[in-house]
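A.B. asks: 3D model of this:
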Amino acid sequence: MSSIDQSGRRLPPCSEEAERGVLGSALIESDKVIELCITKALSADSFYVPAHRLLFEQLLGMYQSARVVDLLTVGEDLKTGGRLDQAGGYAFLEGLIDSTPTSAHAEYYIDIVQQKHLLRKIISQAAEAIDHCYTDDDAEELLSRTEEAFFELSDKKTASSEDWKNVVYNTAGQIINGNILDNGVPTGFIDLDKQLRGLHNTDMIVLAARPSMGKTSLAMNIVENAALGRGGGKKYSVGVFSLEMSQEQLVRRMLYCKAGVPAWKDFFSETDQSKISSAADQLGKASIIVDDSAGLDVMDLRARARRMKRIHNVDLIVIDYLQLLADKRRSREGRQQETASISNSIKAMAKELKIPVLILSQLSRAPEQGGREGNKPRLSDLRDSGAIEQDADVVLLLQRPSYYNKELDAASGEDTLAVLDIAKHRNGPTGEVKMNFFREITRFEDRDTRHGVDGTAE
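C.D. replies: Model (predicted):
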């Protein structure tokens, strides 16, 4: 129940008793209590009463300067700085200790202070949103900004800092023990995971290719592998934004792919039907969330991604594909500026949600215009804007030699060869990864699972 002042107005949520409990505990056992406040990210702003805020700043400053913190030293320091009266005087300091018989309940007091502070921030953010509703015309952009602000409040509430020593030793242990994926979401492809060591939190990974190269197939294979635990055993929750295909089309493609049954068969045998049923049973248990809304504005996409993260706690987001996104804020500045803004927003989203974002992108026609050996794509072929290359942490360029050369030898497996060029890798090596692509079932596999690494059939 909210408190009412003499004029009938509701007072902001606060607990003066809990604030005094924190301060009294800190005066009784400064080292333990102030260290606990720092660990739980309690700040001076967390206190509602101005005198309490001032006193906590004083205690924190003295502790960080390695000075003795007790009733006498704090009082003398406040008096020297001319702030003793602002803090309530000696009588107030003595009253804090008298009203706090023990510091054993300090953590309980800290939690109450934090809860009240969070409530005040929610009220402040909501009031700001209400004000903007009367002055801003773009409702969708305002909604996105408001959701982002509330998401940040939630993120800060749950965030905690891990001890530096623990981080160092844990990371060293992973390296020594040969943890290939380094805690990244695995793609499920052995050679690719060896190079990338998984898809890492806050990273923007761009998968680019010319049309009909299989970039959507590869992306959905990665989605399937992550969701079903292929490549490490752990199953991940994956969010998919499909701007080109409907959810039903995606599911149909994934079922055929998982079952290993060509989609264009005229007749499905009992064996085929059994494979499809088995695939449906496995995929039905996977945590894959699909949003097939067409023509999304990037701010709307970010709002939907936040909801996916909040409701389903997704570990990876896949977007198919960048050129189908729009940014109404930059639409009048030309497609290049609009794409640059979209790319920047996607990278910001990956950092905000602290998950990897795999986004598909078209390439320009340059690889097909001749003059290049094997029609190999380059970073400069990323369509519409060089900002994509700049923002991306990883850029994967996909090509299939058989698409341009129909005479490649099927017996040697060259007709199934797909080359994934890691053209940019901010935190690791670049280079080519060879894979197999089986067009009849739209499935990518490791190169040595159906054919040897030298191209010979096994």
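
A.B. asks: which helix or strand contains the closest residue in space to Arg400 that isn't next to it in sequence?
C.D. replies: Spatial nearest neighbour of Arg400, chain neighbours left out: Ala418 (5.0 Å); criterion: Cβ to Cβ, 6 or more residues apart in numbering. C-beta: built from backbone N, CA, C; applies to glycine. Secondary structure from DSSP states H and E places Ala418 in strand 417-425.

A.B. asks: adjacent strands (with direction) for that strand?
C.D. replies: strand 394-399 (antiparallel), strand 431-438 (antiparallel) (DSSP bridges).

A.B. asks: give me whichever of the ones you listed is most buried.
C.D. replies: strand 394-399 (a mean of 24; mean count of other Cβ atoms under 10 Å).

A.B. asks: now the strands paired with strand 417-425 in JSON lines, with distance to Ile422?
C.D. replies: Output for the strands paired with strand 417-425, formatted as JSON lines (distance: least, Cβ to Cβ, whole Å):
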{"stretch": "strand 394-399", "distance to Ile422": "6"}
{"stretch": "strand 431-438", "distance to Ile422": "6"}
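
A.B. asks: on that earlier part again, which residues are in contact with the strand holding Ala418?
C.D. replies: 192, 195-196, 214, 218, 376-379, 389, 392-402, 408, 429-437, 444, 447, 455 (Cβ atoms under 8 Å, 6 or more residues apart in numbering).

A.B. asks: please redo it, this time with the cut-off set to 7 Å
C.D. replies: The contact list for strand 417-425, computed with Cβ atoms under 7 Å, 6 or more residues apart in numbering, reads 192, 195, 214, 379, 389, 392, 394-402, 430-437, 444.

A.B. asks: show the average pLDDT along it.
C.D. replies: The pLDDT scores in strand 417-425 average 90.

A.B. asks: for that strand, C-alpha coordinates in PDB please.
C.D. replies: Provided in PDB are the C-alpha atoms of strand 417-425 (Å, rounded to 0.1, in the frame of the first residue of the first chain):
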ATOM      1  CA  LEU A 417      30.900 -29.200 -52.400                       C
ATOM      2  CA  ALA A 418      30.000 -26.000 -50.600                       C
ATOM      3  CA  VAL A 419      32.700 -23.600 -49.400                       C
ATOM      4  CA  LEU A 420      32.100 -21.300 -46.400                       C
ATOM      5  CA  ASP A 421      34.700 -18.600 -46.400                       C
ATOM      6  CA  ILE A 422      35.200 -17.000 -43.000                       C
ATOM      7  CA  ALA A 423      36.100 -13.700 -44.500                       C
ATOM      8  CA  LYS A 424      36.100 -11.800 -41.200                       C
ATOM      9  CA  HIS A 425      36.500 -13.100 -37.700                       C
END
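
A.B. asks: what's the distance between it and the middle of its chain?
C.D. replies: 24 Å (Cα atoms, centre = their mean, to the nearest Å).

A.B. asks: may I see the buried residues of that strand?
C.D. replies: Using 16 or more other Cβ atoms under 10 Å as the test for burial, strand 417-425 gives 417-425.

A.B. asks: which of those lies closest to Met204?
C.D. replies: Lys424 (10.8 Å; Cβ to Cβ).

A.B. asks: the closest one and Val394: what is the separation?
C.D. replies: 6 Å (Cβ to Cβ, to the nearest Å).

A.B. asks: cool, Thr39 as well?
C.D. replies: For Thr39 relative to Val394 (Cβ to Cβ), the value is 35 Å.

A.B. asks: same question, Ala418
C.D. replies: From Ala418 over to Val394 (counting by Cβ to Cβ), the distance is 17 Å.

A.B. asks: what does Ala286 give?
C.D. replies: Taken as Cβ to Cβ, the span from Ala286 to Val394 is 24 Å.

A.B. asks: read off the pLDDT value for His451.
C.D. replies: pLDDT recorded at His451 is 44.

A.B. asks: now Val395
C.D. replies: With respect to pLDDT, Val395 has a value of 92.

A.B. asks: next one: Val290
C.D. replies: For Val290, pLDDT reads 91.

A.B. asks: verify the contact between it and Gln247 for me.
C.D. replies: Yes. In terms of Cβ atoms under 7 Å, Val290 counts as a neighbour of Gln247; the distance is 4.5 Å.

A.B. asks: of the two, who's got more company?
C.D. replies: Counted by other Cβ atoms under 10 Å, Val290 and Gln247 do not tie: Val290 has more neighbours, with 17 against 14.

A.B. asks: circling back to that earlier point, distance of the residue nearest to Arg400 from Val223?
C.D. replies: The gap separating Ala418 from Val223 is 17 Å, by Cβ to Cβ.

A.B. asks: do the same with Leu96
C.D. replies: As judged by Cβ to Cβ, Leu96 and Val223 stand 57 Å apart.

A.B. asks: cool, Leu142 as well?
C.D. replies: Distance, Leu142 to Val223, using Cβ to Cβ: 32 Å.

A.B. asks: which of these two has more neighbours?
C.D. replies: Per other Cβ under 10 Å, whichever of Leu142 and Val223 has more neighbours is Val223, with 25 against 16.

A.B. asks: phi and psi next, for that one.
C.D. replies: Note on Val223: backbone dihedrals following degrees, to the nearest 10 are phi -60, psi -50.

A.B. asks: so who does it touch?
C.D. replies: Val223 makes contact with 238, 240, 288, 318, according to Cβ under 7 Å, 6+ apart.

A.B. asks: farthest pair in these?
C.D. replies: Ile288 and Val318 (9.6 Å).

A.B. asks: list residues touching both of these two?
C.D. replies: 223, 238, 240.

A.B. asks: next, format the residues you listed as TSV and append distance to Ala305 and pLDDT.
C.D. replies: Below are the shared contacts of Ile288 and Val318 laid out as TSV (distance: Cβ to Cβ, whole Å; pLDDT from 0 to 100):
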residue	distance to Ala305	pLDDT
Val223	15	93
Val238	12	94
Val240	11	93
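
A.B. asks: looking at those residues, which is nearest Asp137?
C.D. replies: Val240 (31.9 Å).

A.B. asks: tell me the contacts of that closest one?
C.D. replies: Contacts of Val240 (Cβ under 7 Å, 6+ apart): 223, 288-290, 318.

A.B. asks: before I go, just wanted to say thanks for your time.
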